[in-house]
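J.: Dropping the sequence and predicted coords here.
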Amino acid sequence: MPKRTDVKRVLVIGSGPIVIGQACEFDYSGTQACKALRAEGLEVVLVNSNPATIMTDPEVADRTYVEPLTPEVVTQIIERERPDALLPTVGGQTALNLAVALGESGVLEAHGVELIGASVEAIKVAEDRLQFREAMHSIDVAVPASAYVKTLDEALGAVETLGFPVIIRPSFTLGGVGGGIAYNVEEFREMAERGLGFSPVNEVLLEESVIGWKEFELEVMRDAADNFVVICSIENIDPMGVHTGDSVTVAPALTLTDKEYQRLRDIARRIIRRVGVETGGSNIQFAVHPEDGRVVAIEMNPRVSRSSALASKATGFPIAKIAAKLALGYHLDEIPNDITRLTPASFEPTIDYVVVKIPRWAFEKFPQADATLTTQMKSVGEVMAIGRTFKESFLKGFRSLELGRSGRLFAQPEGDSEDDATLQRHLAVPTDRRLWAVFRALQRGWSVEQVHEVTKIDRWFLRQFEDLVELGREAGLVGLRDMSVELLTTLKRAGFGDADIGAITGADAAAVLEQRREAGLRSVYKRIDTCAAEFESFTPYQYSTYERECEADPNDRPKVVILGSGPNRIGQGLEFDYCCCHAAFALREQGFETVMVNCNPETVSTDYDSVDRLYFEPLTFEDVLAIIERERSVGGEVSCLVQFGGQTPLKLALPLQDAGVNILGTSPDSIDLAEDRDRFSRLLWDLGVAQAPSGIATSREEARAVAATIGFPIVVRPSYVLGGRAMAIVYDLSALDRYITEAVDASPERPVLIDKFLEDAFELDVDAVADSTGAVVIGGIMEHIEEAGIHSGDSSCVVPPYLVPERHLAVIRDHTRRIARALNVIGLMNIQFAIKDDTVYVLEVNPRASRTVPYLSKATGVPLAKVAARVMAGATLKELELVDDLGVSGVFVKTPVFPFVRFPGVDTLLGPEMKSTGEVMGGAETFGAAFAKAQLAAGQRLPDKGTAFISVNDHDKANVGQIASDLAALGFSVVASRGTAAYLRAHGLDVEVVFKVNEGRPHIADQVLNGQIDIIINTPLGRESFFDDLTVRRVAMMHSVPCITTLTGAVAAVSAIKALRSQALDVRPLQDYHAEIATDGA
Amino acid sequence: MTRAILALENGAWFQGESVGADGDTGGEVVFNTSMTGYQEVLTDPSYAGQIVTMTCPEIGNYGVVDDDVESRALQVAGFVVREASPIASNWRASGTLRDYLSSHGIVAIADIDTRALTRALRSDGVKRGVITTTGADPEQAVERARALAPIEGTDLVTQVTCPAAFDWPPEGGAPGKAAADAFGVPPVRRASRPLKVAAYDFGMKWNILRRLQAHGCEVRVFPATAPASELLAVDPDGVFLSNGPGDPAPLDYAVKNVKALVAAEVPTFGICLGHQVLGLALGGATYKLKFGHRGANHPVKHLATDKIEITSQNHGFAIDPDSLPGDVTVTHLNLYDGTVEGLRHTSRPAFAVQYHPEASPGPHDADYLFTLFLDAMEERR
C-alpha cells in the first residue's frame, strides 16, 4: 500500500532531557523519524525540551518547539499548529505517557489528531502491567506469577503467596524507577511503599522472581499488512535480576538452539499482534529458564527504545526511520534497505560479527549510592563494540569504556584483602564491578562451573572469559620481548589492545605497537551490511578486526576524521555528540570526506547516515591511529578533529600529533597550555587578566603550603578532568588532607590544582569562535543563576545576562578576545568568568567545544559548532559573514536535571562536582517566564500559591529578607526554621516557626509529607546540620516539592512565580525566535 | 591443534584449524546466513555434495541436540566456520559440535576469514573446493578442487534417498517429533479425516514429515526412483515431493514420474527440489543461481495475499519463470532477487514452493502451506 495521503502535518514528541533510562538514543531515533517524515513531504512539528539534541536543530523540523513536555504545553502546541497526526513512538516513555494523557483528556479527539504508530489502547496494554498480564494469558503466553496492588496492605498480603525474592515494579515509570528486588519483608515494605509513591497511578506489580534465568530481547517490527520481522536478537550476559540497561548484552543471541529461538520469535509475533502495535518497532523481553527452557514474557515496549537504537547500530537496520515510514502506511516491502539498496526492508538482518554492549555507570559521582544492580536502571551511558568473535568484541568494548587503570580486566590493581569469601560476594551481588570480579575469580583458578554457580552467567560466556584469562596468563609468562608472532597474532585476534598486552607483560603500549608493526600485524576493516555479505553494500559502516580481507576501501579525497565522545557519562554527553555531528555536517558541506570514530550506540554520530564513513571503534590511541593510517593509505590529506568530543578525543590530541597526525584548528599545544596551570597563569598575567590566586600541588605538604599562601576557602581538583570529577571546595586543613589522598588516587599522573574560592561571586560562561585571522565572535555570555561553587554544568544559566552591568560585560568581551588571540584559538573556545567585588576574574579557559554550545546555538539561531568546524578547516569568520557578536531575541534559560531520584540516600545538594545528566531550555520574553518554563521542563512545577518554608545559613540571612517579603507579597504564607524566622521577624516579617528534623515533631519533613509545604528554600547550614538538611531535601524531592538550595536560585524562582501569576506561559517555535533576530539585525 | 586448509578451484586458499574429522573432503563451497540451526543444516540431505560455510561467526555454542536432526546422518561434504565452540552450553545439548563432526567423519575448518570467503562466493559464484587436514600443500589442494565433478548435471538424489519405502511415523515413534511439536507452532488445523500422503524422498528433511504428521497425515515415503505406479498403488490422498540436493536437470526419472502423478490429478505438493521437479514436469526449465539462497531470512511475497513471509531457504537452482507454460502460475516471489519461489498449476491440484515451510532451521511463517495441502487433499474427495 502506498503512503497515506490524508496525513500532511505530524507532531513528533521528543523525550526531553537526558536522564538515566532515557538518553540520546531518542535523539537518534527522533532525528531519524523527523528526517524520514520530511523526506516523504510531510510537515513536521517537533516538541522537545532538550536543546542539546540534533532533532531540535531548526532545519530538522518545520516548526521546532523547545518547550516543556507537559500535557498543557503540548495542548497549546496542538491548538496552534493543528497537526493531522501525532507520532508518539520515537520519544521514549515521556512521549508515550504524554500521548496517553492527551488521548485520555480528549485533546487529540477535539483537534482531530490521530495517533500513528501506536494507539492509546495498545500503549496501555503494553505499559499497564495488569492489562499486559491479562493480554498474555489470553494468547497463552506465560508471564511470571504476579499480583497487582494499590496499597501496602495489599502488597503484604500478596507477597505471602509469591514468596521471596520478589520483584517490585511500579506502573508507568521510566526505566523502572522506584522498582527493585526485595529479599525480606523489611526491604519489601520499604520498596513497595516507594514504588506506590513513584507510580503516577499508585499501582505496583509484585512479581515472581525469575532471577538467574537467561534474559533475551527481540527487536521486532510490524507493518499495517501484518508483516512481521525480527530485526535483532539480544542476549543479556547478566541474567535476570539486572535491568537490561545495566546488563552487558550481546547480539545476536548466542546460546539458543534454533528451536528455542524460533519459539521466541513466534511468541513475539503473537505479542505484538495482541498488544495491537499496528505499525512500527517494539522491544520484547523474555526470560528463559536455564535448566528446562521454560519461557516467560517479561515486558514489551511498543515504541523504539534504547535496545532498538542498539539493534539499529548492531545490524545497520534503521528501526526508527523505518518505523516512521510504516506509520505513514508504507509496507515493509515498499521501503528499500539503504545499505544494500537493491533489497527491501522486509527481511531479517543477519550478522556475521558479534556485538557487545557494556553499560557505564557514574557511581563515583554518588559515593553514597548503592551500586547494587537491580531491576531499576542506574547506568548513565553505554559503549558498543563490534568484533568478528565474542572475545574480540568483548575486549574492544572494555577498552571503549575509558576507565583507565580501573578498567583493566587483566593485571587488575591488586585487591590484596580480597579473600575467597569476599570474592564470592563480589560475584554473587551484581554491581558495576562484577565482571572484573569474574575475571579475578577465573585468574585465581576458579572453574567455569564455580563461577556459574554463583553468578548464573551462562557457561558459554564464562568459558570465553576463561579462554581470555588463559591467553593473558600465557602472554604474561612469555613477556613481550620473547613473544612469538603467533601468540601476538592470537592475542590481537582475541581483542587484546596494545595497552592490555602492555599491562600484562609490563611493557609500554608503544613497544607493543612497535613489535606488532615489525610482525606486519595490523587491523583490517569489515563492513556492517545487514546481510552477512550476501549482497553488495554501499555504506561504509565499519569495524576493525584482525583478519585477511580489508573492505575499508578508502578514497583519496581530503578527509577529516572526527573523534566522538565515547560513552555518555556525567559531564560528557549528548552536547558533545551534537557538536561532533555538526562538525561532520559542516565539513561535508564544505566538500570534505567526513570520517567519524565513536563507540556510543545511542548517538546520532554513529548513524551511518550522518557521515561519509563511520568507524564504530574504541576511542583509544591504538584504534584511532590505525583508522587514520588506513584512511591515508591511498594518499589524500587526512586531518583529525579532536576539539568537539569533550575530554575523550582531547586526551589523544598530543599523542596523535606526535604520531604525525594533522590536528585541525587550535593546536594541541594551545590546548595543553590552557590546561597547564603554570603556563596559563603566566599567560593571563602577561595579558593583565585577573585570576583567582592559585597553585599546584603534587603532595600533601605542597597543598598545605599553597593553601597557606592563598588562604581558605579553596577549590581543589585534579587536572585534566571534565565534569568537575573529584572537585571540591575546602574550608580547612583537615578537609584538604583528606582530599589530597583521594584526589591523587583519582588522577595519578596529574597534579592537583588549587584555586582561591571566590565565595558569592557571580559566574558566567562565554562561548566564542575565533579564526586564523584573529577575528573572534562571541556566541553568548551566559550568566549562571547559582553563584560560584556550583559546577557550571549543574547551574542554571541565562542568556542574555540579566544582572551583570554592562561595564563588566565589556571587560568579559575584551578578555575573551585577547585570550583567544593569545592562545591562537582557531575554532571554539569556552571561558568561565567570575565577578566578585567588582572585579572580573577568569576561572578557566577551554579552547574546545563546551557543553553550552548547543544551547547557545538554539538560542541565537547560529550553529556555532558548524561555524567553528568550517573555521578550523580554513574559512574565516568574515567569509562566513560573522562579524558581530551574536544576540538573541527573548530570554533563554538552561536548567539541568539530576538523577537523584534513582539513588536513595544520596544528597541532592549541589557542589563543584557535576551531577546532572541532562538539561532543558526555556525560552520567553522575560526572565521570569523563561525560568518558569525551564523549571517546568526539568520536572519542577513551581507553585503559584501556598506555603513557603525558608531555612538559610547565617551567611545568607542578610539577603533572604527580600525573598521572603516577595513571597509574602505574592500571597504565600511563609514559615521558617527558628533562626531564620528570628531574623525575618527582626526585619518586620511575620513568619511562623517550624521545627527542623532534630528539634521535635511535627517537623518540616512531616509537614512536607502532609502536603503542607509548597516550596522550600534551604541553603546548606554546614556540617553539624548536614543530615537534617539532607532529610528535608530528600523528602522534598520524593514528594516533588521544589527545594531550592541557593539564594540566587530562590530569587530566580520568585521572579518565575511572579511570571506564572501574571501571564499564562505561551509557546513559540525556534524558527520564529530566529526570524526575529534576523529582522533585528537587518 | 591440527591445521587445515580450504582450497578453491580459483586458486584461493585459506589456512585454519581443523575442528572435525581428519582427512580430505571436496564439494561445492556454499554459504548459509542463518544465525541458528547449524545442526539442522549439517543433517539436511539437500547439502549433500556441498561444503557449507556458516556466515555467523560463533558456531557450536549450544552444542548438538539428539532431537534436532533432519535425517539419520550428517550430510554435508564439509563444514566451515569462524569459531567452533569448545563447549556446549544448553540444557538440551548432548555433546559438542566438534565431537559431533569428528565422530561422524565430517572434515571441518575454523578460524578462517569466512566473510572474505563469502564475499568471494557472492561476487564470483559458488566454487568447488577441498578441505584437507593432512598437511597437503595448498597448490595440491587447489588442483584437487579443480578435479572435482561439478554439481551441475550430477544426480545427487540417488546418494541420499531412502533405500526402500517406509512409513512415517515409524514404529516406535518419530524421531524429534516431540521436540518439534513442543517448540513449533500448532497446526492451523488437523486433517478432518486421516489422510494418506505418498512422498518421494529426494533427500527429505524429517521436519517435513513431522509437520505432515502434525497436520494429521500418515506418510508412506518412497525412494526417489520408485515408479509413479507404486505411489498410486497405495491410493494416496496426496503426493508430496521432497527437498533434496543438487541439480534437478538430470532427474529424468523423477520428472517422468511426477508428470504421471500430476496427470492422475492427485493433489501434489512440492518443496525445494520437489518444486523444481514439479516445474520441470509441468514443462518449465531450471537454471543455476550464481550463489544460491541459503539462510533463514529471505523475504518471499505470497502474490495471492501480498503477505511477506520470512523463509528458510536452501537451493542453488531455480525455475526460469519465462519457461513456464500458460497453465502454470507463479504464486510466490523472492523479494531479494525476484526469483520464483512458488508455483501452481491452474487447473490441476499441484503446487510447490522453492523454500522451506517446514523451517528447521528458520521461521515458521509459511506453515500455512501444509494447510493448503490439506485443503487440496480434502477437497478432492
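T.: Okay, I see it.

J.: For the residue in the stretch 851-1000 of chain A that chain B sits nearest to, the count of nearby residues, please.
T.: Of all residues in the stretch 851-1000 of chain A, A:R902 sits closest to chain B, with a separation of 33.8 Å (Cβ to the nearest Cβ). The C-beta positions use only the backbone N, C-alpha and C, and glycine is treated the same way. A:R902 is flanked by 22 other residues according to other Cβ atoms under 10 Å in any protein chain shown.

J.: next one: A:G1011
T.: Applying other Cβ under 10 Å, we find 11 other residues in the vicinity of A:G1011.

J.: which ones are touching the residue of the stretch 851-1000 of chain A closest to chain B?
T.: By Cβ atoms under 8 Å, 6 or more residues apart in numbering or on different chains, the residues touching A:R902 are A:I20, A:V177, A:Q376, A:M377, A:K378.

J.: Could you verify my assumption that the third one touches A:T244?
T.: No - contact status for A:Q376 versus A:T244: not in contact, 11.6 Å apart, counting by Cβ atoms under 8 Å.

J.: Point out the residues in the stretch 251-381 of chain B that sit beside chain A.
T.: Within the stretch 251-381 of chain B, the positions lying close to chain A (Cβ under 8 Å from any Cβ of the partner chain) are B:291, B:295-299, B:301, B:306-308, B:310, B:335-336, B:359-365.

J.: Please list only the buried members of these.
T.: Among these, the ones that count as buried by 16 or more other Cβ atoms under 10 Å in any protein chain shown are B:291, B:295-299, B:301, B:307-308, B:310, B:335-336, B:359-365.

J.: Helix or strand: which one has the closest residue to A:L733 other than its chain neighbours?
T.: On the basis of Cβ to Cβ, 6 or more residues apart in numbering or on different chains, the spatially nearest residue to A:L733 that is not a chain neighbour turns out to be A:R704, at 6.6 Å. According to DSSP states H and E, A:R704 maps onto helix A:700-710.

J.: can you map out the helices along chain B?
T.: For chain B, helices defined by DSSP state H occupy the ranges B:38-42, B:97-103, B:114-124, B:138-147, B:157-160, B:177-183, B:206-214, B:228-233, B:252-263, B:273-281, B:368-380.

J.: helices or strands next to the first one in the packing?
T.: I take that to be helix B:38-42. When contacts are defined as 3 or more Cβ pairs under 8 Å, 6 or more residues apart in numbering or on different chains; DSSP states H and E, helix B:38-42 packs onto strand B:50-54, helix B:97-103.

J.: how close does A:P801 sit to A:L1047?
T.: 18 Å (Cβ to Cβ, to the nearest Å).

J.: higher neighbour count, the two?
T.: In this view A:P801 and A:L1047 are compared by other Cβ under 10 Å, and A:L1047 has more residues nearby, 23 against 19.

J.: Could you pull up the residues touching that one?
T.: A:L1047 makes contact with A:E787, A:V952, A:D956, A:N959, A:V960, A:I963, A:I1017, A:T1019 under the criterion Cβ under 8 Å, 6+ apart.

J.: Now with 7 Å, please.
T.: In this structure, A:L1047 makes contact with A:V952, A:D956, A:N959, A:V960, A:I963, A:T1019, judged by Cβ atoms under 7 Å, 6 or more residues apart in numbering or on different chains.

J.: same thing with B:L241?
T.: For B:L241, the set of contacting residues under the criterion of Cβ under 7 Å, 6+ apart consists of B:Y200, B:V258, B:T268, B:G270, B:G274, B:V277, B:L278, B:A352.

J.: List the residues that contact the closest residue to it other than its chain neighbours.
T.: Beyond its immediate neighbours in the sequence, the residue positioned closest to B:L241 (Cβ to Cβ, 6+ apart) is B:G274, lying 2.9 Å away. With contacts defined as Cβ under 7 Å, 6+ apart, the neighbours of B:G274 are B:Y200, B:F202, B:L241, B:S242, B:N243, B:A352.
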